[in-house]
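Undergrad: Let's see this in three dimensions:
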Amino acid sequence: MVVRESLRSSEMMDAANSGSADVSNDEFAAPDGQNLTTFDTAAATFLEIVESISHCETAMLRLVTNDDWLPSHASQDYSASFLRDEGLIAASECMCGRVARGDIDAASFFTPGGSFVTNDADALLAGPEAQLLGLVRGRCLDEGFKSIGIFPVRASDRIAGVVHVASKEANRLDPSATAEIERLCATAAGVLAEPRFLQERDGILASCITRILLPTPPLEANGLSLGLDFRGATLASVVGGDFYDVIGLSGGRTGIIVGDFAGQGMGAAGFAARCRFMLSKALRDTQNPGVALEQVNEPLRDSIPPDRFATIACVVVDPALGELALALAGHPSPLLVDGGAEVTVLGNSGVPLGALDRSEYETTRVRYGPAHTLIVYTDGLTDVRNADGSFFEEDKLLSLVRTLETGDPQAVARTLCSASDAFASPRTRDDDKLVLVARLG
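TA: This is a model prediction of the structure:
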């Protein structure tokens with residue numbers, strides 16, 4: 001596709017606002033006279049125009065990867081929590097996946113152009129066609145969206161991805177806007193899918209995965225002081241499956257999840273994102289780590305390859321009782337450090353999540369004091385080897401922890417990761433490593 005710089009963005013936006021954007025099949029322009037020389041600029045320009053035509057306040061571009069994942073490559077104005085939950089889904093999941101696969105039928109919510117459009121999501125779910133929707137994750141409904149449109153981005157004879165637009169107001173997507181967005185998606189597809197953007201898109205994917213699995217933690221949550229350090233790959237093709245979540249629960253409690261999904265690349269990251277989403281929801285609902293793991297195990301196993309699994313440490317901190325509730329699924333045991341540097345290894349390791357059809361997980365309860373610090377980590381911290389082939393192992397970790405000042409959680413996390421890196425032989429490729437530290441009082 002040739003991008004004609006003579007077409008000014010202001011003219012495009014004026015036409016879009018009037019509902020009659022006149023965009024030929026080989027041109028759309030960047031804002032403020034910029035050239036569309038980067039994917040980021042092209043995608044941002046595209047979504048800005050889509051938002052204006054649709055009169056929706058949010059827009060997201062998803063492009064299909066070679067291994068059938070449908071990650072967000074660009075977005076406008078969604079909440080951070082929505083992007084974290086919906087930024088990386090499988091092409092087999094939800095309505096975005098159906099449109100991306102071209103799996104449409106005669107239902108009234110599909111257009112002749114292969115798009116999904118509803119102007120009242122609540123009415124659709126309550127009506128007779130709800131059963132035709134198939135499996136939906138429901139996150140759009142949790143966000144309160146009423147008008148939702150999902151449009152295929154067609155490049156030549158294939159669907160390269162989808163555009164998701166949404167509004168909390170009903171009746172935003174009239175037929176003329178729908179037709180215009182479908183035409184724009186066909187216009188833009190050639191630019192957005194250009195091979196020259198491949199390296200940039202890979203970097204965007206790696207950043208997307210990091211935001212979903214490893215967002216910047218809050219400095220404090222319900223009185224807990226938090227620190228996080230992560231060391232790992234920077235390319236989407238080799239990124240691992242380490243993830244965490246910190247969740248506000250009722251009664252002033254806080255949920256902490258640290259996990260590691262087996263494997264590397266987009267698939268591992270996608271399944272890790274799914275696991276985090278499912279487990280966070282279960283922990284909010286149950287407030288019990290063992291019960292949450294049991295609830296997630298079977299549906300996770302049904303949705304992942306048979307040779308894959310996740311190790312999980314799931315903790316609920318209850319400051320009112322001064323108590324930790326803990327359950328493990330094949331994960332390294334967290335450490336509890338008191339004010340005198342005495343270290344307690346917590347929990348009984350269970351079966352990795354998703355490894356068996358049914359598994360039971362024991363919830364262990366431990367009392368803690370105001371000067372205690374909790375350290376939760378993934379096995380990449382201790383599984384590194386030095387030049388002699390020796391592992392860092394838990395004993396070396398315990399010895400190091402006993403020497404640390406635990407007042408600054410971020411410093412503790414950084415020190416532990418740095419010690420693991422220094423121990424590892426540079427010739428030995430080590431796994432991703434994640435350390436989350438919470439000062440409990």
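Undergrad: the strands in the stretch 101-250 of the chain, which residues?
TA: Secondary structure of the stretch 101-250 of the chain (DSSP state E, counting those that start in this stretch): strands located at 116-118, 147-155, 158-167, 220-221, 224-231, 240-248.
Undergrad: chain center to the fourth one, what's the gap?
TA: Its chain's C-alpha centre and that of strand 220-221 lie 21 Å apart, by C-alpha atoms, centre = their mean, to the nearest Å.
Undergrad: Just the helices from the chain, written as ranges.
TA: Assigned by DSSP state H, the chain shows helices spanning 9-17, 39-54, 80-86, 94-101, 121-126, 139-142, 175-192, 198-213, 265-286, 289-303, 393-401, 409-423.
Undergrad: for the ones you listed, which one sits closest to V317?
TA: Nearest to V317, of all the helices of the chain, is helix 289-303, at 10.8 Å by C-beta to C-beta. No exception for glycine: its C-beta is placed from N, CA and C like everyone else's.
Undergrad: elements contacting the closest one?
TA: helix 265-286, strand 310-318, strand 323-329 (3 or more C-beta pairs under 8 Å, 6 or more residues apart in numbering; DSSP states H and E).
Undergrad: Can you name the residues in contact with that helix?
TA: Here helix 289-303 makes contact (C-beta atoms under 8 Å, 6 or more residues apart in numbering) with 255, 271, 274-275, 278-279, 282-283, 285-286, 310, 312, 314-316, 325-327, 329, 350, 353-363.
Undergrad: sorry, back to before: pipe the helices and strands packed on helix 289-303 into JSON lines and attach distance to G340 and mean pLDDT per row.
TA: Formatted as JSON lines, those follow (distance: least, C-beta to C-beta, whole Å; pLDDT from 0 to 100):
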{"stretch": "helix 265-286", "distance to G340": "31", "mean pLDDT": "89"}
{"stretch": "strand 310-318", "distance to G340": "21", "mean pLDDT": "97"}
{"stretch": "strand 323-329", "distance to G340": "18", "mean pLDDT": "97"}
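Undergrad: Buried deepest among those, which one?
TA: Highest mean neighbour count of the helices and strands packed on helix 289-303: strand 310-318, a mean of 26 (counted as mean count of other C-beta atoms under 10 Å).
Undergrad: for G354, what are its contacts?
TA: Neighbour list for G354: 275, 297, 300-301, 304, 308-310 [criterion: C-beta under 8 Å, 6+ apart].
Undergrad: least confident pick among those residues?
TA: When those are sorted by pLDDT, the bottom entry is I304 at 86.
Undergrad: where does this structure dip in pLDDT?
TA: Applying pLDDT under 70 to the chain flags the ranges 1-36, 233-239, 427-430.
Undergrad: Out of the helices and strands packed on helix 289-303, flag the one nearest K433.
TA: When the helices and strands packed on helix 289-303 are compared (using C-beta to C-beta), the closest one is strand 310-318, at 13.3 Å.
Undergrad: What helices and strands are in contact with the closest one?
TA: Secondary-structure packing of strand 310-318 (3+ C-beta pairs under 8 Å, 6+ apart): strand 254-264, helix 265-286, helix 289-303, strand 323-329, strand 373-377.
Undergrad: other SSEs contacting the first one?
TA: Using 3+ C-beta pairs under 8 Å, 6+ apart as the contact test, the elements touching strand 254-264 are strand 240-248, helix 265-286, strand 310-318, strand 373-377, strand 433-439.
Undergrad: circling back: distance to F109 for the helices of the chain - can I get that in JSON lines?
TA: Below are the helices of the chain laid out as JSON lines (distance: least, C-beta to C-beta, whole Å):
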{"stretch": "helix 9-17", "distance to F109": "24"}
{"stretch": "helix 39-54", "distance to F109": "16"}
{"stretch": "helix 80-86", "distance to F109": "19"}
{"stretch": "helix 94-101", "distance to F109": "9"}
{"stretch": "helix 121-126", "distance to F109": "6"}
{"stretch": "helix 139-142", "distance to F109": "13"}
{"stretch": "helix 175-192", "distance to F109": "11"}
{"stretch": "helix 198-213", "distance to F109": "28"}
{"stretch": "helix 265-286", "distance to F109": "24"}
{"stretch": "helix 289-303", "distance to F109": "25"}
{"stretch": "helix 393-401", "distance to F109": "54"}
{"stretch": "helix 409-423", "distance to F109": "47"}
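Undergrad: of all those helices, which lies closest to S225?
TA: Evaluated with C-beta to C-beta, the helices of the chain place helix 409-423 nearest to S225, the distance being 5.3 Å.
Undergrad: coming back round to it: dump the helices and strands packed on strand 310-318 to a markdown table, plus distance to I150.
TA: As requested, these are exported to a markdown table (distance: least, C-beta to C-beta, whole Å):
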| stretch | distance to I150 |
| --- | --- |
| strand 254-264 | 27 |
| helix 265-286 | 19 |
| helix 289-303 | 21 |
| strand 323-329 | 34 |
| strand 373-377 | 37 |
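Undergrad: returning to that earlier point: Throw the helices and strands packed on strand 254-264 into a markdown table and include distance to G102, thanks.
TA: Converted to a markdown table, the helices and strands packed on strand 254-264 look like this (distance: least, C-beta to C-beta, whole Å):
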| stretch | distance to G102 |
| --- | --- |
| strand 240-248 | 29 |
| helix 265-286 | 21 |
| strand 310-318 | 31 |
| strand 373-377 | 43 |
| strand 433-439 | 38 |
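Undergrad: And those: which comes nearest A44?
TA: Set against A44 and scored by C-beta to C-beta, these come closest in helix 265-286, at 22.8 Å.
Undergrad: list the helices and strands that closest one packs on?
TA: Packing contacts for helix 265-286, counted by 3+ C-beta pairs under 8 Å, 6+ apart, involve strand 69-76, strand 88-90, helix 198-213, strand 240-248, strand 254-264, helix 289-303, strand 310-318.
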